[in-house]
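**Student:** got a predicted structure plus its sequence, pasted below:
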Amino acid sequence: MPDFSIFTDYFDIYMKGFLNTILASIIALIGSFILGAIIAIFRISTVKTLRWIGTVYVEFIRNIPLLLVVFVFFYGLPSMGIILSGFTCGTIGLTVYTASFIAEAIRAGIMSVPKGQSEAARSSGLTYIQTMWHVVLPQAIKIVIPPLSNQFINLVKNSSVLGVFAGLDLMYFGDQIASETYATFDTYIFVAVLYLILTLPLSYTALRLERRLARQD
């Protein structure tokens, strides 16, 4: 049985990491969704340059490790005179990395929307951007709710990368507690439970939303 005194004695530290993990996840979630939607639009753009930018971004970012992406911000930016905290670098890296997967999910959703929808919107006088924003994207997002939900859950779990860069997240403080108490197993069991407290409600909410959308259809 885990030693619950570890959790009670270091409750404030656990909660500090827990709240920072939530903050980083929310920021990265919003940022990666916006960036991913933009990259998805680039991927299917009729402008060759935008399509090339979108393709290079997705194929490059999603085929390298997340840790390497954060390394670029944490160690690369200081060489240009830009000093950011581990929390900021980790959150930016998490946003950039997750956006590549979200972009592909949204692109697949956009491609599944009948072309007649966008053609009708353009013939009614809407611009390309207006057509995407008001007609195509709302339908595409509805289609890709399941894969997007999986990416959001992965984002929360991947936020543990902040611990490598003194990002003050749950994993970072878990490492500190383990080094002080030498109760490695007990410490990380409680870290795992706190991650489950974050991810399980997301999984349940995604399932409920998916079923609700299915009933509306």
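**Tutor:** Noted; the coordinates are in hand. Residues are numbered from 1 along each chain as shown.

**Student:** residue 26: neighbouring residues, count only.
**Tutor:** Using other C-beta atoms under 10 Å, the number of residues around residue 26 comes to 13. C-betas here are computed from N, CA, C, even on glycine.

**Student:** likewise for residue 13?
**Tutor:** 16.

**Student:** same check, this time on the one 5 residues further on
**Tutor:** Summarising burial for residue 18: neighbours were counted as other C-beta under 10 Å, giving 18.

**Student:** and if you look at residue 112?
**Tutor:** Neighbours of residue 112 under the rule other C-beta under 10 Å: 11.

**Student:** over to residue 123?
**Tutor:** 9.

**Student:** now it. Its backbone dihedrals?
**Tutor:** Main-chain torsions, residue 123, degrees, to the nearest 10: phi -70, psi -20.

**Student:** which residues in this structure form helices?
**Tutor:** Under the criterion DSSP state H, the chain contains helices at 4-9, 11-43, 48-61, 66-71, 86-112, 115-123, 128-131, 137-143, 145-158, 170-181, 184-216.

**Student:** most tightly surrounded among the ones you listed?
**Tutor:** helix 86-112 (a mean of 22; mean count of other C-beta atoms under 10 Å).

**Student:** tell me what that helix is packed against?
**Tutor:** Contact here means 3 or more C-beta pairs under 8 Å, 6 or more residues apart in numbering; DSSP states H and E; on that basis helix 86-112 packs against helix 11-43, helix 48-61, helix 66-71, helix 137-143, helix 145-158.

**Student:** out of the ones you listed, flag the one nearest residue 178.
**Tutor:** Distance to residue 178, taken as C-beta to C-beta, is lowest for helix 11-43 among the helices and strands packed on helix 86-112, at 11.3 Å.

**Student:** run the angle between that closest one and helix 86-112 for me.
**Tutor:** Put simply, helix 11-43 runs at 40 degrees to helix 86-112, going by axes from the mean of the first three to the mean of the last three C-alpha atoms, to 10 degrees.
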